[in-house]
Structure formats: C-alpha cells, structure tokens
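Chemist: For reference, the sequence and a predicted model appear below.
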Amino acid sequence: MSTFRFRLLGEERALGEWLSRVFPDLDRASRRSWIEEERVRVDGRVWDRPTRVCPAGALVEVEAAEDAQVWRFDSAERSSSHWDVLVQATPWESGEVSVAPEGVLDFDVLERRAGLARLRLAGSVCDVRGLCAGLARLGLLVVGDLVHGGLGVSGGPRVIPVPRAESAGASSAVALEWPDGPHWRWSHADPGGPVEATVEATPGRLSISDETVRAIGGGHPWVRPDRASEPAQRYRPGALVRLVDRGDEAVGWAHVEGGERLAARVWAHGDLPLRAVESVEARVARALSRRGALLVDAETDAYRLIHGEGDGLPGLHVDRLGSLLRVLVMGWASEGFRDRVLDALSSQLPVTPEGNPWNVLEVLHLRTPASAAGGLDRVRWRAGGVDSLEAIVSAGREGCMRVRERGLVYEVDPGWHAPRRPRPGFGLFLDQRDNRARVAERAGEEGGRWLNLFAHTGAFSVALLAAGAEEVVSVDLSAAWLERLEANLALNTSRGVDPGRHRSVRSDARRALEALESDKPFRGIVIDPPTAAAAGRRFWSVREDLEPVLRSAIGRLEPGGSLLVTQNRGGPPLGVDLVLERVARRAHREIQSLEPAPPGFDHPTRAGFPEGDAFEGWLARFR
C-alpha cells in the first residue's frame, strides 16, 4: 500500500467527485472500495461516504494500491537538468534544491498567480520523482504531487523539462498548464485593496475551541491548534478568516499562520464587520506616530518602527538602520498584508532625514522543514541596494554597515551578504537601548569597574566606557562576537572610548565569574543572557542557570554597586525581581533599590500576551 496526501483546491465538492478528478485512471469501483474500507481521511478524520462534501482546502490522505496512477503518463521516468515547475504559494524568490543522489539545482521564481508560483530550475540531471521529493524537503510542494501533499489536480505533477536554450530566459515556449478555478483557499487580506480575479474575495470561517475563545477574549493574539478547533491549514498562509466559536458566533478576525504550533494570528477582536476593521495604513501610521521622538532624533538612527503584534501587524518587524529599513518576517500570516505595509511605509516615510530614498531589505525568518536549512534565499532587496549604502558600509568588513545610538557608532550585519543563513539578529539589540542609557548614567556618575557578561558585540561595554567607566571587562564565549566588540570599541575612540580601559575574556559566564579576582569587585554588572545556548560542554538555560549566576554576581559587587539583569525567554516572565530578592537574602546583601528596566517604547507590549514582551528587566542597587 502507498499513502497519498494532497490538498484540495479552493472549492467545495463531494469526496467521490474529488477522487474521480485526482485519480481519473482508476475505475469507480476501486475508488468506492477505498472509502468503504475506511482508507480515506479528510483533515485527519475517516470519511465513509462518497457524497460527503469536502471543505475547500482540506487535506486528504488515501491508502491506495501501489499502482495508483499519480504521475503524468511517462513523465516520471523522464530526466533533465532544466525544469519549469508549479508550486504552492511560497515567499521564497530563489534558492537551491538537493536531489538524489548528490545533485543540486538552483531555482528562481518567474511568475506568480493567485497563490501559485512558477519556478525555473537548472543544474544537475534528475527525474520528476527526484525533483518533487527534493522540492518537498524544502517545503515547496509541487501542484499535482499527490505523494508529498501538493494540490490535488489530475494529470500528474505540474513539472516539465525546459530546453537548455530557453533556460536562461524568463519566457518559455513550453506550455506549463496552470490549474483552472480557485487554486487555494484564500480571501482578501484587508478591505480597500485589489483582489485578483481568480481569488476568492469572501473571507473564510475558522471555528475555534472554547479555550481559544477565552484566551482571545483576554487579549491574546494567537490561535493555537487543538482538537476542538478546525484545521487552519485548509487556508493559504496569510488568508484572512472570520474566527467563530463552536456556536458559530463571531469572535474576531485572523490571518492564517497554518503551522503545527500556531494556527493563526489575530487581526481584530470582537464581532466587527470587515469594513470596520482598522486598515493596514492606519496601523502603520499609528506605529510611526508612537515613534515620533525617535524619528527626529539626530543622534540615533537605529530603532524599531514596527513591532509585530504590539503594533497590530502580527508576525512582522521593521527596523530602521541608518538609511536602511530591515523588514524581518517572523510569521507566515504576514503574507496577507506585508506588501501593503511596505507600500504604507513608502508613502508615510517617503525619504530619509537626509532626503534620500530608503533602502528596503527583507529577511524571511520563517519556520521551514529542518531539511530546508541553507537551501532557501531568505534575504532580498525590495528597494535600493548595497550601492546606495556605500557611505555607511564598513570598510574592510564584508556585509556590515554602521549605525548611531545616542551619538555612539555600532557596526551591524543586516544579512544581505549571507542570504541563506536564517537569523533574526544583526549584532545590536535595539530593545536594550534604554537599558544602555540607564547603566551609562550610573557609570557617568560613579565611574568604577564594570563587568559585562554575555557581552555579544559589546554595545553595553561601549556605552559604559563612553560614559566614564574606569574599566570594563567583557565576557563572551564567541570569538566572532568578541572580534565585533573590538571593532565597535575602535569605532568610538573619538567619542571617549579608550580600548586600553577594556578587557575581553573569552569564556562561559559561569566559569568567568569563578575565575575573576575576588579582591577586585565591580561597581556594576550587566547580565543579558540568551534563553538557551550551547556553552562548550555545558549547555546554558536561563531557567536553570540564571539564579546561580546571580548568586555569584552579587558576591562580586561593591557596596552600593548596580546589577542589571534581563531575561528574554518566551512565555510568562520568570519573576526576576523575586529571584533577585531571594538571592540577596541568601547572600546576606540588602537591596537598596529595585526598579523595572523594560524595553524601549519602540517595542510596545500588550496585556495578556507575555510571549510578545521583548524581555523582563530589572536594575538593582545593593548595599
């Protein structure tokens, strides 16, 4: 027996009709036997009648005979090194596909239509089966590939060989058949924008469990999959759907994420008609207004303009880095509105403060199959490019540019030179800007020696030295980060930073605290650890290891010394303030003051959504 998995097109039809369309070469009796023998599942449930109507976009699984015809005529055995392929909607523009036994083909998107994309591939010789399998490993499902979960159409996978003479061009004389009708269950993202002729303009409906209804009523903006909710995967990622409870009462609107851990992201709460839902343009305008003080700050040109759910634009972050807008795509749901956000930014921020056009770099940090790592180009220019950034690109360091924060200069790596490396960061944590100012103020007033644990690229160290710290010791296990730290120090020598007053220590933070001289306490310590990380033979976990590090750190503080500690694990906060109080009691140290040290106002939070908080931070002074 073989198991075939395929996604239905965006229309509702009876199960028997779907099976006859997808398996046209099999007789009616064979298809009926599949159903009667309970070998057909729709969205994970056995369907035992051919007359039952399947929801549009449902996932069908069929246990069929080995000889079921799912490949187009003799194409399964045809081999080529150049192909045209239709795949389901994908945000990727280019990349490479590994095919058996050891071949590689590069691909580019040539055309998009209503949730499908035409790829042009060239490279190693392979057959249709190998190509479909390689694309599926990347999460790129070929239309008509019933083996790996592609859209269910008759005629086999939409794959054709292309003559080499045509492979370099965007046009092709070879016909690649696009399926008729609605290709994928989809609905328009927001009122007032264009709707493609082949796309449904009426939003779908997604029934959710009572537990999810309660969470959304409390302000939480995520819909998590559970058995009592309908599967969101029947809708294309980014589709706008009406959320309803088990009684079909409206709960809100959401954009589909379609993942195993996250079904959808809430777009609006309550029983609102679509015309009353706040538009993309209004959300962008509100976000920019919130950052008005930063937009006119001549000393700072690195900050967040759009902060995902905190600004009502779930799964999407936009950072300003000098004259570059770095668009970080964290959620598939943003497929439904991302282009409109960029258009709104273009109209509401038409030029940089210097009067030049903005450069726009998009970074896709989306969950993909583990096998997809390294195969997809995740970075692309949406406007401008490296040539337009020539004045601020760092000399001698490939792919880096310089930004300012409170007059200090930092080197950042936005990622354009390594497009296949999936990473959200670029070497400067913008959410810690206010905390750098907090500890710099104390260093300016008190001087003294400071310790920066988990130093990363040394932004805290630079700020402390510029403010007047007598010495800063920076600890990090990564040689690459410490090299970037030294570069940041050198960039600020004209701004009061003396590299001679700084010492780098390559070490795990726990070992460093044990090895530092006990007779040379610090005036202040900064602890901004990762949530989890490999640390040589010892794995770091903020939940397990933060409290022991705090105990050691408090013992290294002078009387009256300051300790800044933050934790950025997802979910509810650890309660670092309570941990500090407990550790202080056990260390027989009195806390003189304890104040919150939250992210800057360009990283807004929302009630009932602790997962969206950048971090929990506290600044303590000990007697």
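Modeler: It's in.

Chemist: For the nearest residue to residue 91 once chain neighbours are set aside, name its beta-bridge partners.
Modeler: Distance criterion C-beta to C-beta, 6 or more residues apart in numbering; nearest residue to residue 91, sequence neighbours excluded, is residue 364 at 5.6 Å. Placement of C-beta: from N, CA and C, glycine included. With DSSP bridges as the criterion, residue 364 is bridged to residue 329.

Chemist: shouldn't residue 364 be in contact with residue 90?
Modeler: No. Assessed by C-beta atoms under 8 Å, residue 364 is found out of contact with residue 90, at 10.0 Å.

Chemist: Report the separation between residue 577 and residue 594.
Modeler: Computed as C-beta to C-beta, to the nearest Å, the residue 577 to residue 594 distance reads 6 Å.

Chemist: Need the overlap of contacts for those two.
Modeler: residue 618 (C-beta atoms under 8 Å, 6 or more residues apart in numbering).

Chemist: ok, now which ones touch residue 57?
Modeler: By C-beta under 8 Å, 6+ apart, residue 57 lies in contact with 7-10, 184-185, 233-236.

Chemist: can I assume residue 510 sits in a helix?
Modeler: Yes. Counting by DSSP: H, G, I helix; E, B strand; the rest coil, residue 510 is part of a helix.

Chemist: Kindly tell me how buried it is, as a neighbour count.
Modeler: Per other C-beta atoms under 10 Å, the neighbour tally for residue 510 reads 17.

Chemist: Quick check, pLDDT for the residue nearest to it when sequence neighbours are not counted.
Modeler: Among residues not flanking residue 510 along the chain, residue 549 sits closest, at 6.1 Å (C-beta to C-beta, 6+ apart). Looking at residue 549, its pLDDT reads 91.

Chemist: For residue 549, give me phi and psi.
Modeler: With angles defined as degrees, to the nearest 10, residue 549 sits at phi -70, psi -40.

Chemist: Wait, it touches residue 475, no?
Modeler: No. Taking contacts as C-beta under 8 Å, residue 549 lies outside contact range of residue 475: 10.9 Å.

Chemist: list residues touching both of the two?
Modeler: With C-beta under 8 Å, 6+ apart as the test, residue 549 and residue 475 both reach 453, 509.

Chemist: Tell me which stretches of the stretch 251-400 of the chain form strands.
Modeler: Taking DSSP state E, counting those that start in this stretch as the test, the strands found in the stretch 251-400 of the chain are 264-269, 302-307, 316-321, 324-329, 359-364, 379-383.

Chemist: As TSV, these with distance to residue 589, mean pLDDT and mean neighbour count would be great.
Modeler: Below are the strands of the stretch 251-400 of the chain laid out as TSV (distance: least, C-beta to C-beta, whole Å; pLDDT from 0 to 100; neighbours: other C-beta atoms under 10 Å):
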stretch	distance to residue 589	mean pLDDT	mean neighbour count
strand 264-269	44	96	23
strand 302-307	36	98	24
strand 316-321	38	98	24
strand 324-329	40	97	24
strand 359-364	43	96	22
strand 379-383	47	95	16
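
Chemist: Would you reformat those as CSV and include distance to residue 518?
Modeler: As requested, the strands of the stretch 251-400 of the chain are exported to CSV (distance: least, C-beta to C-beta, whole Å):
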stretch, distance to residue 518
strand 264-269, 50
strand 302-307, 38
strand 316-321, 41
strand 324-329, 43
strand 359-364, 44
strand 379-383, 47
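
Chemist: Of all those strands, which one is nearest residue 120?
Modeler: strand 379-383 (16.5 Å; C-beta to C-beta).

Chemist: So what angle separates the directions of that closest one and strand 359-364?
Modeler: Strand 379-383 runs at 150 degrees relative to strand 359-364, counting by axes from the mean of the first three to the mean of the last three C-alpha atoms, to 10 degrees.

Chemist: Make 52 the first number, not 1, from now on.
Modeler: Noted, 52 is the first residue going forward, which turns the last one into strand 430-434.

Chemist: got the angle for strand 430-434 vs strand 375-380?
Modeler: Counting by the same axes, to 10 degrees, strand 430-434 lies at 130 degrees to strand 375-380.

Chemist: Sheet-wise, list the partners of strand 430-434 with their directions.
Modeler: In the sheet, strand 430-434 lines up against strand 410-415 (antiparallel) (DSSP bridges).

Chemist: Using CSV, write out the CA atom coordinates for the partner strand.
Modeler: This file holds the C-alpha atoms of strand 410-415, laid out as CSV (Å, rounded to 0.1, in the frame of the first residue of the first chain):
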residue,chain,number,x,y,z
ASN,A,410,16.7,51.1,1.1
VAL,A,411,14.5,48.2,2.0
LEU,A,412,15.9,44.7,2.8
GLU,A,413,13.5,41.8,3.6
VAL,A,414,14.7,39.0,5.8
LEU,A,415,12.5,35.8,5.9
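
Chemist: what inclination does that strand have with respect to strand 367-372?
Modeler: Using the same axes, to 10 degrees: strand 410-415 against strand 367-372 is 140 degrees.

Chemist: Relative to the whole chain's centre, how far out is strand 410-415?
Modeler: In terms of C-alpha atoms, centre = their mean, to the nearest Å, the centre of strand 410-415 is set 13 Å apart from its chain centre.

Chemist: any residues touching that strand, and which ones?
Modeler: Defining contact as C-beta under 8 Å, 6+ apart, one finds that strand 410-415 is touched by 142-143, 374-380, 393, 427, 429-436, 439-440, 465-467, 473-475.

Chemist: Kindly recompute the last result at 6 Å.
Modeler: For strand 410-415, the surrounding residues in contact (C-beta atoms under 6 Å, 6 or more residues apart in numbering) are 142, 374-380, 429-435, 439-440, 465-467.

Chemist: Right, I'll call it a day here.
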